[in-house]
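>>> sharing a model prediction with you, sequence too.
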Amino acid sequence: MSRTSLQGCRYADSCFYSHDADSITISSSQSSLCLPEDEDVSKEFLLQFFPSSSDECVLLLDDIKLHFSSYFAQLYNRSSIISTTSETDPFPIDSPMKSIKVLWGLSHPCETIISTEANNLIPWSKVKCVLWFPRFGPEYGEGHLKKLVQTFFSYLAIRILADDLKEVHVILTMNNMRFSNLEVEKLARESFFFLKASVGFDESSFGELFDEVTTKKSMLVSKPISYVFELYPPSDIQFGDFKALLCQQLHGDKL
């Protein structure tokens, strides 16, 4: 039996192996970078996907209490960070974070990704990296969680295609076992996103990820992983001038 990516394999609970070194193929010409489960984590694993130009930015979606933003502000250009939160009451921001652009009161994903309302001031043309740390809790069933992830990829595909955005890294960080159980890679492919890399998430540098998942399989290692996706759009031959249609729908407030 062949083995696939190590953190959160596409076979979910039907796979009995602990993946330790293999990588997967996302298309005939693109390969993914997947690090071994026992690899030491480093902040550089994630920071390598951030834009280096001061004219480009990183977008953190639905960052409650600005938990992760406070850590990224210490490691990356603060003026290049945009954070959204569904919290409607702004709270005082510490000095190191004052250069971060915070957009308050935006529910995710509707108002953060496809909204064209005046209060959504995300400069999408400058966004080169989208970060999302999904929140999971006992009140959510697996069906609800899958739908949430599916909607996220679907809306983001509409945004990227409609605005003709280029080379945008989309990074989801979650427990590897949850990634596997929710079949996130499969959900992403439905919207033309393909897994480019999976790297260990350095909680000591970026903050604790509150996503614990237990497993009865002693061979499997449960840990936080950042999954990096890129959009590979379909051809016009398959779907016609779909970009123009999506642009008209998005900016014509028809969604």
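That came through fine.
>>> please enumerate the helices of the stretch 151-255 of the chain.
Assigned by DSSP state H, counting those that start in this stretch, the stretch 151-255 of the chain shows helices spanning 176-181, 184-189, 203-206, 236-239, 242-251.
>>> select from those helices the stretch with the lowest mean pLDDT.
With a mean of 56, helix 236-239 has the lowest mean pLDDT of the helices of the stretch 151-255 of the chain.
>>> worst-scoring helix or strand of this structure, pLDDT-wise?
Within the chain, confidence by mean pLDDT, DSSP states H and E is lowest for helix 236-239 among all helices and strands, at a mean of 56.
>>> not counting its neighbours along the chain, what's nearest Phe152?
Pro109 (5.1 Å; C-beta to C-beta, 6 or more residues apart in numbering). For glycine as for every other residue, the C-beta is placed from the backbone atoms N, C-alpha and C.
>>> run a quick neighbour tally on Leu106.
23 (other C-beta atoms under 10 Å).
>>> now do the strands in the stretch 1-150 of the chain.
Taking DSSP state E, counting those that start in this stretch as the criterion, the stretch 1-150 of the chain contains strands spanning 33-34, 57-61, 81-84, 101-103, 127-132.
>>> hang on, the earlier thing: how much space is there between the residue nearest to Phe152 and Pro92?
As defined by C-beta to C-beta, to the nearest Å, Pro109 lies at a distance of 27 Å from Pro92.
>>> among the two, which residue is more densely surrounded?
Pro109 (22 against 6).
>>> make sure the more buried one is actually in contact with Leu61.
Yes - counting by C-beta atoms under 8 Å, Pro109 touches Leu61, with 7.3 Å between them.
>>> that concludes my questions; thank you for your assistance.
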